[in-house]
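Participant: here is my input; please provide its structure:
(one chain, ligands or ions: 1)
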Amino acid sequence: MIEVTDLTKVYGSTRAVSGLTFDVRPGQVTGFLGHNGAGKSTTMRMILGLHAPTSGKALINGVRKHDLRDPMREVGAMLDATEVQGGRTALDHLQALAYAGGISRRRVVRLLEEVGLAGVARKRIAGFSQGMRQRLGIAAALLGDPGVLILDEPANGLDPDGIRWLRTLLRSLAAEGRTVLLSSHLMTEMSLTADRLIIIGHGRLIEDTTTPELLARFQDEVLVRSPHASRLATVLEAAGATVRAAPPPGTPTAGTAVRAAPPALPGTAGTWRAAAPLDAHTADGGVHVAPSDLPAADAAHVAPPGRPEADGRRPVAPPGMPEADHTVGATPSGLPGADGNVRVAPQDTRGADSNVRVAPQGTHGTDSNVRVAPQATRGADSNVRVAPQGMHGTDGRVRVVPPGTLAAGEAVYEPGGEGGLLVAGMSAAAIGDAALRSGCSIHELTPQQVSLEEAFMELTR
Ligand SMILES: Nc1ncnc2c1ncn2[C@@H]1O[C@H](COP(=O)(O)OP(=O)(O)OP(=O)(O)O)[C@@H](O)[C@H]1O
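Facilitator: Numbering: from 1, shown residues only. Alright, predicted model coming up:
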């Protein structure tokens, strides 16, 4: 057990720690978080009696570190793994520490095995990598088999295997009833390792809570997918919720390659399947998209210049994404392309009704219809591979994908999907009730997972 009470440390004009109070309990891994310079190391040093507090106190098992009767067996620490004599071997280094604490050589050998350094035990530390030094520092902290462990950024320099090993080790030490306090800037790892979190900023306590509680607190949005999304949005807003459109499932992130499916017109409800990352494809890549550019499920119909149809509505002709055999009420001057350029349809290609017919890739037939696509979207084989409106990359360019270069799993817009909503200010249960009462079906109702990093950034902003 560690108890920190009203702890303050002032270095000259720097108030490194200011009135800090928290407990670190046995049987748990407690994560100590804070930006660079927040005061974590200073606090740990005061707990370990290495720096004297300006005021307040820090106790281990009810007493100050210096008053522990058998300090090596009560508390183990690693503050700075570089603070070792490089000329010594790993074995000599640990043996010297063990000798001072009356600890057996057998334990030293066992620990070297446990931390994965048995093979280099007789090598000089000067030749060790940062990760190897960390492992040695952790072995030193564990020498006395202590009930309290204090580790300052122990994961630094560890490879993925090492990080996983450390997580398992710390969790098992806590499960044995030990008190484990560790600092780290690796938020994902911290969320996987720590049961509790102490978050500080500018030397002051910001949060003392459990990891699940903190993450739950920031889960204020619920993802709802419904075939009646627009009606449900109105119902939920009337009930006081804040509703925004959810990105379609599998929305490709910037830098992913996609190939547009011909029927992917704005104005058609649909879903996106994620694309494989761009670098999984050939150098020529695909269409670079920025998620924010994706068309909303019920994007407004875009009216090209031209004649309205019989019902008075102008037909859909999104730039660069004409629909198969869709009649576009084009004026003789032509159709606007994705880049705003006008491509003139030759006079003799207009049908009897004077409309110009356009169609996407693969539908060029023998029916003498004209299929218009922006020049930039034609592939080397003259096939038209177009991205629907809004899918042009952040640089505004649509890249043509050579046939067959995208692997299975590329992003494809699938018409006929459902709408997604992100609802804030209402619980999933209340949303379900409201949907039921209003006769809107729901296909998905998921509270949104917030990462520890996002929660941390929000708290320390
Ligand atoms: N020995 C010292 N003398 C003067 N100032 C110090 C000393 N040790 C720390 N500080 C200052 O105290 C503040 C807190 O530093 P500390 O090292 O405790 O932060 P930290 O949270 O551990 O940061 P990091 O994540 O970068 O390790 C900083 O402003 C630092 O410059």
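
Participant: ok, Ser183 touching Gly39?
Facilitator: No - counting by Cβ atoms under 8 Å, Ser183 does not reach Gly39; the two are 10.4 Å apart. The C-beta positions use only the backbone N, C-alpha and C, and glycine is treated the same way.

Participant: against which helices or strands is the helix or strand containing Leu169 packed?
Facilitator: Using DSSP states H and E, Leu169 sits in helix 160-175. On a contact count with 3 or more Cβ pairs under 8 Å, 6 or more residues apart in numbering; DSSP states H and E, helix 160-175 meets strand 28-33, helix 130-142, strand 148-152, strand 179-183, helix 187-193.

Participant: one more pass at 6 Å, please.
Facilitator: In terms of contacts (3 or more Cβ pairs under 6 Å, 6 or more residues apart in numbering; DSSP states H and E), helix 160-175 is packed against strand 28-33, strand 179-183, helix 187-193.

Participant: so which of those is nearest Thr234?
Facilitator: Closest approach to Thr234 among those (Cβ to Cβ): helix 187-193, 36.5 Å.

Participant: and the contacts of the closest one?
Facilitator: 29, 31, 155, 163, 167, 170, 184, 211, 452-453 (Cβ atoms under 6 Å, 6 or more residues apart in numbering).

Participant: and those residues, which are buried?
Facilitator: For the contacts of helix 187-193, a burial check counting by 16 or more other Cβ atoms under 10 Å picks out 29, 31, 155, 163, 167, 170, 184, 211, 452.

Participant: returning to that earlier point: closest to the ligand out of the contacts of helix 187-193?
Facilitator: For those, the minimum distance to the ligand (Cβ to the nearest ligand atom) is 9.2 Å, reached by Ser184.

Participant: which residue, other than its chain neighbours, is closest to the residue in the stretch 301-450 of the chain that the ligand sits nearest to?
Facilitator: Nearest residue of the stretch 301-450 of the chain to the ligand, counting by Cβ to the nearest ligand atom: Val450, 22.6 Å away. With sequence-adjacent residues excluded and distances taken as Cβ to Cβ, 6 or more residues apart in numbering, Val450 is closest to Phe218, at 4.0 Å.

Participant: report how many residues lie close to the one you found.
Facilitator: 17 (other Cβ atoms under 10 Å).

Participant: where are the low-confidence patches of the stretch 201-350 of the chain?
Facilitator: Scanning the stretch 201-350 of the chain for pLDDT under 70 picks out the ranges 247-350.

Participant: closest residue of it to the ligand?
Facilitator: Residue of the stretch 201-350 of the chain nearest the ligand, by Cβ to the nearest ligand atom: Gly203 (6.8 Å).

Participant: my read: that residue touches Val17, true?
Facilitator: Yes - at 4.3 Å, Gly203 and Val17 qualify as touching, with contact defined as Cβ atoms under 6 Å.

Participant: common neighbours of those two, please.
Facilitator: Gly39.

Participant: more neighbours: which of those two?
Facilitator: Neighbour count, other Cβ under 10 Å: between Gly203 and Val17, Val17 has more, with 31 against 23.

Participant: the more buried one against Val10, yeah?
Facilitator: No - using Cβ under 6 Å, Val17 makes no contact with Val10, being 8.4 Å away.

Participant: if we can go back for a sec, which one of the buried ones among the contacts of helix 187-193 sits closest to Gln95?
Facilitator: Leu170 (24.7 Å).

Participant: which parts of the protein sit against the ligand?
Facilitator: 11, 14, 16, 34, 36-42 (Cβ under 6 Å from any ligand atom).

Participant: redo those as TSV? Include pLDDT, neighbour count and secondary structure.
Facilitator: Converted to TSV, these look like this (pLDDT from 0 to 100; neighbours: other Cβ atoms under 10 Å; DSSP: H, G, I helix; E, B strand; the rest coil):
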residue	pLDDT	neighbour count	secondary structure
Tyr11	96	11	strand
Thr14	95	12	strand
Ala16	97	22	strand
Gly34	96	23	coil
Asn36	95	6	coil
Gly37	95	13	coil
Ala38	96	22	coil
Gly39	97	25	coil
Lys40	97	26	helix
Ser41	97	20	helix
Thr42	98	21	helix
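
Participant: tell me which two in the residues you listed are the farthest apart.
Facilitator: Farthest pair in these (Cβ to Cβ) is Tyr11 and Gly34. Separation: 16.5 Å.

Participant: can you list the low-confidence ranges for the stretch 351-461 of the chain?
Facilitator: 351-418.

Participant: find the closest residue to the ligand in it.
Facilitator: Thr460 (11.5 Å).

Participant: isn't that residue right up against His202?
Facilitator: No - the pair Thr460 / His202 is not scored as a contact, 9.4 Å apart, by Cβ under 6 Å.

Participant: assign Thr5 to helix, strand or coil.
Facilitator: strand (DSSP: H, G, I helix; E, B strand; the rest coil).

Participant: before we move on, the earlier item: Arg64 versus the residue of the stretch 201-350 of the chain closest to the ligand, what's the distance?
Facilitator: Between Gly203 and Arg64 the computed distance is 20 Å (Cβ to Cβ, to the nearest Å).

Participant: export the residues of the chain next to the ligand to a markdown table and append columns for distance to Ser191.
Facilitator: As requested, these are exported to a markdown table (distance: Cβ to Cβ, whole Å):
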| residue | distance to Ser191 |
| --- | --- |
| Tyr11 | 32 |
| Thr14 | 30 |
| Ala16 | 26 |
| Gly34 | 16 |
| Asn36 | 20 |
| Gly37 | 22 |
| Ala38 | 18 |
| Gly39 | 22 |
| Lys40 | 17 |
| Ser41 | 21 |
| Thr42 | 24 |
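
Participant: how is the protein divided into domains?
Facilitator: The chain breaks down into these domains under automatic domain parsing: 2-217, 221-299+389-449, 301-384.

Participant: burial measure for Ser18, as a count.
Facilitator: 19.

Participant: do the one 10 residues further on as well
Facilitator: A total of 19 residues lie near Gln28 under the criterion other Cβ under 10 Å.

Participant: next up, phi/psi of the residue lying closest to it once chain neighbours are set aside, please.
Facilitator: If the residues on either side of it in the chain are set aside, Gln28 comes closest to Asp195, at 4.1 Å by Cβ to Cβ, 6+ apart. As for Asp195, its main-chain torsions (degrees, to the nearest 10) stand at phi -80, psi -40.

Participant: so where do the helices sit in the stretch 1-150 of the chain?
Facilitator: Secondary structure of the stretch 1-150 of the chain by DSSP state H, counting those that start in this stretch: the helices cover 40-47, 71-74, 90-100, 105-114, 130-142.

Participant: contacting residues around the shortest one?
Facilitator: In this structure, residues lying in contact with helix 71-74 by Cβ under 6 Å, 6+ apart are 61, 68, 101, 144, 146-147.

Participant: from those residues, which one has the minimum pLDDT?
Facilitator: The member of these with the lowest pLDDT is Gly101, at 88.

Participant: need the contact list for Leu1.
Facilitator: If you look again at residue 1, you'll see it is Met, not Leu. Counting by Cβ under 6 Å, 6+ apart, Met1 makes contact with 26, 61, 179.

Participant: 10 Å instead?
Facilitator: Each residue near Met1 by Cβ atoms under 10 Å, 6 or more residues apart in numbering is listed here: 23-26, 59-62, 147-148, 179.
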